[in-house]
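Engineer: sequence and predicted structure are below.
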Amino acid sequence: MTFTEALRMNKPHGCSQPNQPPLASRPRQAAEKLGISLSSLDRLTKRGDIPVSRVGGFRLYPHEALVKWLNSKVNN
C-alpha cells in the first residue's frame, strides 16, 4: 500500500508499532480531536491560525503541532 492509498483509507502507513497514533490527521479527524466542527477547522486553516501541512492534494494536521497550538490557546 502506498502512502497516498493509506491516506485515502485513513490508515497509518508504515507505523512500526501498531498502537502508535498517526503522526498527522486528515481534517475530519483533526476536528474531532480538537472538539470543533469541520467548518470551524476550515475557517481556522484559511485564516492561517492553525498549523497544517499539505502533502500532495491532502491537508494534514500534525499531531504535535495541534497539541502545541491548543496549549498556546489555553495558556493565553
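Structural biologist: Done, it's in.

Engineer: so which bits of the longest helix seen in the chain are buried?
Structural biologist: In the chain, with assignment by DSSP state H, the single longest helix is helix 63-74. In terms of neighbour count (16 or more other C-beta atoms under 10 Å), helix 63-74 has its buried residues at H63, L66, W69. Any C-beta I mention is one placed from the backbone N, CA and C, and that applies to glycine too.

Engineer: ok, so of those residues, who is nearest R47?
Structural biologist: Using C-beta to C-beta, W69 is the member of the buried residues of helix 63-74 that lies nearest R47, at 12.7 Å.

Engineer: hang on, that closest one packs against P51?
Structural biologist: Yes - in terms of C-beta atoms under 8 Å, W69 counts as a neighbour of P51; the distance is 5.6 Å.

Engineer: can you give me the buried ones in the helix or strand hosting L41?
Structural biologist: For L41, the enclosing helix or strand under DSSP states H and E is helix 38-47. For helix 38-47, a neighbour-count test (16+ other C-beta under 10 Å) marks L41, L44, T45 as buried.

Engineer: what's it packed up against?
Structural biologist: Packed against helix 38-47 by the contact rule (3 or more C-beta pairs under 8 Å, 6 or more residues apart in numbering; DSSP states H and E) you find helix 27-34.
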